[in-house]
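Trainee: Pasting the sequence and the predicted model now:
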Amino acid sequence: MTFDLIKKDPTTSARAGSLTTDHGVIETPIFMPVGTVGSVKAVTQTQLKEEINAQIILGNTYHLYLRPGVDVLEQAGGLHKFNGWDRPILTDSGGYQVFSLAANRKIKEEGVLFQSHIDGSRHLFTPESVINTQRSIGADIIMAFDECPPYPSEYAYAKTSMELTHRWLARCVKHMSETEPKYGYEQSLFPIVQGSTYRDLRKLSAEFIAGMECDGNAIGGLSVGEPEEMMYELSALCCEILPEDKPRYLMGVGTPWNILENISLGIDMFDCVMPTRNGRNGMLFTTKGVINIKNKKWANDFSVLDEGLDCPTSQFYSKAYLRHLFIAGEFTGLTIASIHNLAFYLHLVKEARKHILAGDFGAWKNEMIPVLKTRL
């Protein structure tokens, strides 16, 4: 994997880059749709490619390990062959999912013993086993196994958690060097900065992660309930330390305005379930603001969902029709809303890249954010 930094915005820390993997090129900044179990909910791979033009999608190690299981994925030739997606894939190591099972897991130095949310069966995730599983899934970018502390966390807990994450990372890096990809293409490891909301811990963690000299770096443990300004402050701190010539991935963020603000701080890659999850609940993000399509005000609005988007779905279906589908409980409404929201997110980062290349990203961002936050 290679990363080329093409241009920096003169008034912010925003960057336009190009990330090359064996499954294709990713133009940054980029938003990555979340396909937890190998599928972006309510959206087909054809729609992802032809309507949304997603350049990369996510899968999740915890969920794919449990179902369909490593054996099935290996027999299929990896997740790319299994789900028919021939562009890059990133897999989250499963750390966040495991640690969300607070009542059903036990953290040890070796790894994490947990119970499946599906059938209660017991499993052990270690840094080495998680690398093996992601090798078998066949992702282009695989994440190191980490502990994601909750917000808020006591300082002592956050420090102990961060140090464990660092020890696990060293084991991940070692195991990556001792193993090979299964399907004939390269895989890259991204470590994850932790440290909760404590500046000194974030600084220590970012310095440790930078010193591992991996192909890219991620920032985890933010957008978990802390105030937005705190997220921006810590994101900026990490970006000042993480190497400029490697992609920076802010995990699980977020709203359209969160994305623009973090692009301005130097983040290159984003993922979040918000566009699909909120879409399935009737919230649409548009170039003019936020819409709750279930509101009665849209019942007789026959204008298209968003004429500002270069997306067939957004320019074909009317607000009145989509509202009708939601009120009627028709599944097609969930697909239309999900496609629209993902197309909007991809449009937003594409526009951000365009303005970085033009040298006026800062002014454009400041104009856009109030619009994006408007409730229509």
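Mentor: Good, I have the coordinates. Numbers count the residues shown, from 1 in each chain.
Trainee: Tell me how far the longest helix anywhere in the chain lies from the chain's centre.
Mentor: Taking DSSP state H as the criterion, the chain has its longest helix at helix 331-358. Mean-position distance between helix 331-358 and its chain equals 14 Å (C-alpha atoms, centre = their mean, to the nearest Å).
Trainee: got the buried residues for that helix?
Mentor: 333-353, 355-356 (16 or more other C-beta atoms under 10 Å). For the C-beta atoms, the positions are set from N, CA and C on the backbone; glycine is no exception.
Trainee: out of everything not next to it in sequence, what's closest to residue 76?
Mentor: Nearest in space to residue 76, with sequence neighbours left out and distances taken as C-beta to C-beta, 6 or more residues apart in numbering, is residue 82 at 3.9 Å.
Trainee: Just to check, that neighbour is in contact with residue 70?
Mentor: No: taking contacts as C-beta atoms under 8 Å, residue 82 lies outside contact range of residue 70: 11.4 Å.
Trainee: Need the pLDDT of residue 327.
Mentor: Note for residue 327: predicted pLDDT of 98.
Trainee: got the contact list for it?
Mentor: The contact partners of residue 327, by C-beta atoms under 8 Å, 6 or more residues apart in numbering, come to residue 294.
Trainee: Residue 160 is in what secondary structure piece?
Mentor: Using DSSP states H and E, residue 160 maps to helix 155-178.
Trainee: which other helices and strands contact that helix?
Mentor: helix 127-137, strand 188-190, helix 199-211 (3 or more C-beta pairs under 8 Å, 6 or more residues apart in numbering; DSSP states H and E).
Trainee: can I have the longest one written out in CSV, keeping just the CAs?
Mentor: What follows is the C-alpha trace of helix 199-211 in CSV, where atoms were taken according to Å, rounded to 0.1, in the frame of the first residue of the first chain:
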residue,chain,number,x,y,z
ARG,A,199,-4.2,15.0,26.4
ASP,A,200,-1.0,13.5,28.0
LEU,A,201,-2.2,10.0,27.3
ARG,A,202,-3.2,10.8,23.7
LYS,A,203,0.2,12.4,23.1
LEU,A,204,2.0,9.3,24.5
SER,A,205,-0.2,7.0,22.5
ALA,A,206,0.2,8.9,19.2
GLU,A,207,4.0,9.0,19.7
PHE,A,208,4.0,5.2,20.4
ILE,A,209,1.8,4.5,17.4
ALA,A,210,3.9,6.7,15.1
GLY,A,211,7.0,4.9,16.2
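Trainee: Give the partner strands of whatever helix or strand comes next after it in its sheet and their orientations.
Mentor: Using DSSP H and E, the helix or strand that follows helix 199-211 in sequence is strand 217-219. Sheet pairing for strand 217-219, assigned by DSSP bridges, gives strand 192-193 (parallel), strand 248-250 (parallel).
Trainee: mean confidence score for strand 217-219?
Mentor: Regarding strand 217-219, the rounded mean pLDDT is 98.
Trainee: buried sites along it?
Mentor: 217-219.
Trainee: mind giving me the domain split of this structure?
Mentor: Per the record, the chain has its domains at 2-279, 280-373, by automatic domain parsing.
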